[in-house]
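K.L.:
Coordinates only, no sequence provided:
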């Protein structure tokens with residue numbers, strides 16, 4: 001039986017959890033043992049009781065969640081204390097971003113665990129685990145931009161969506177990757193004119209058709 005340990009996120013303002021109760025239930029039904037650190041899912045709206053109902057066990061501490069697990073998962077990069085709890089042969093998975101956190105490389109190597117960064121998982125040139133996070137970033141960029149255009153937020157009082165009696169605003173998106181594409185799709189859905197700027201003409205030509213005549 002494979003045991004999967006789920007750690008609670010400790011970074012300020014991080015509300016995600018690496019495994020939902022629904023996924024915990026599916027893994028449990030497939031024969032896995034799931035050990036979730038206490039209150040790991042609370043900020044994402046999942047109580048410990050929901051994990052227990054899904055067949056998971058609740059651990060009192062990060063060390064308890066790591067101990068005895070074959071695979072340990074979380075969302076953000078591990079803390080040094082979490083790395084010290086890892087042992088040789090374990091699999092650890094999270095968004096590692098080691099280029100931004102090079103001090104974690106040495107401790108991870110010394111732990112003897114195999115560390116897998118979600119951002120490095122690729123298939124046919126795509127990053128299936130990273131893509132949803134990029135789509136969220138694109139949606140939030142539009143939302144934040146609209147907020148700061150409001151006069152009460154120090155902006156010019158611009159209403160970007162088109163309404164009766166008012167021409168829609170124009171949104172210029174620099175970069176046509178996953179983040180920009182998601183932002184553009186939502187901007188068009190709200191009635192805005194969307195213009196993409198990218199140094200790669202090939203990428204611009206390959207953009208999915210959001211709506212003919214409304215995307216440049």
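P.N.:
Right, received. Where do you want to start? Not measured: the values here are computed from a predicted model.
K.L.:
in the protein, which spans are strands?
P.N.:
Ranges of strands in the chain, per DSSP state E, are 3-6, 33-37, 57-59, 71-73, 91-94, 114-117, 170-174, 193-197.
K.L.:
Let me have these in CSV, adding mean neighbour count and mean pLDDT as columns.
P.N.:
Every C-beta, even on glycine, is put in place using the N, C-alpha and C of the backbone. Putting those into CSV (neighbours: other CB atoms under 10 Å; pLDDT from 0 to 100) gives the following:
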stretch, mean neighbour count, mean pLDDT
strand 3-6, 24, 98
strand 33-37, 23, 98
strand 57-59, 18, 98
strand 71-73, 21, 98
strand 91-94, 20, 98
strand 114-117, 17, 96
strand 170-174, 15, 93
strand 193-197, 18, 90
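K.L.:
okay if I get those strands as a markdown table plus distance to residue 186?
P.N.:
Compiled in a markdown table, these are given as follows (distance: least, CB to CB, whole Å):
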| stretch | distance to residue 186 |
| --- | --- |
| strand 3-6 | 31 |
| strand 33-37 | 33 |
| strand 57-59 | 38 |
| strand 71-73 | 30 |
| strand 91-94 | 28 |
| strand 114-117 | 28 |
| strand 170-174 | 10 |
| strand 193-197 | 9 |
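K.L.:
show me the residues around the residue nearest the centre of the chain that make contact.
P.N.:
For the chain, residue 133 is the residue whose C-alpha lies nearest the centre (CA atoms, centre = their mean; 3.6 Å). Residues in contact with residue 133 (CB atoms under 8 Å, 6 or more residues apart in numbering) are residue 95.
K.L.:
Most remote residue from the middle of the chain, which is it?
P.N.:
The centre of the chain is farthest from one residue, residue 165, which by CA atoms, centre = their mean lies 38.8 Å away.
K.L.:
Can you give me the distance of that one to residue 146?
P.N.:
19 Å (CB to CB, to the nearest Å).
K.L.:
How about residue 111?
P.N.:
Using CB to CB, residue 111 is found at 44 Å from residue 146.
K.L.:
before we move on, what about residue 175?
P.N.:
Note on residue 175: its distance to residue 146, by CB to CB, is 19 Å.
K.L.:
what are the bridge partners for residue 193, then?
P.N.:
Beta-bridge partners recorded for residue 193 (DSSP bridges): residue 170.
K.L.:
pretty sure it contacts residue 172?
P.N.:
No. Look at residue 193 against residue 172 with CB atoms under 8 Å: they stay out of range, at 9.5 Å.
K.L.:
ok, back up a step: ok, residue 175 and residue 146, which is more surrounded?
P.N.:
Taking other CB atoms under 10 Å, residue 175 and residue 146 do not tie; residue 146 has more neighbours (20 against 16).
K.L.:
What sits closest to residue 171 if chain neighbours are left out?
P.N.:
residue 187 (4.4 Å; CB to CB, 6 or more residues apart in numbering).
K.L.:
So for the one you found, what's the pLDDT?
P.N.:
According to the per-residue confidence, residue 187 scores 92 in pLDDT.
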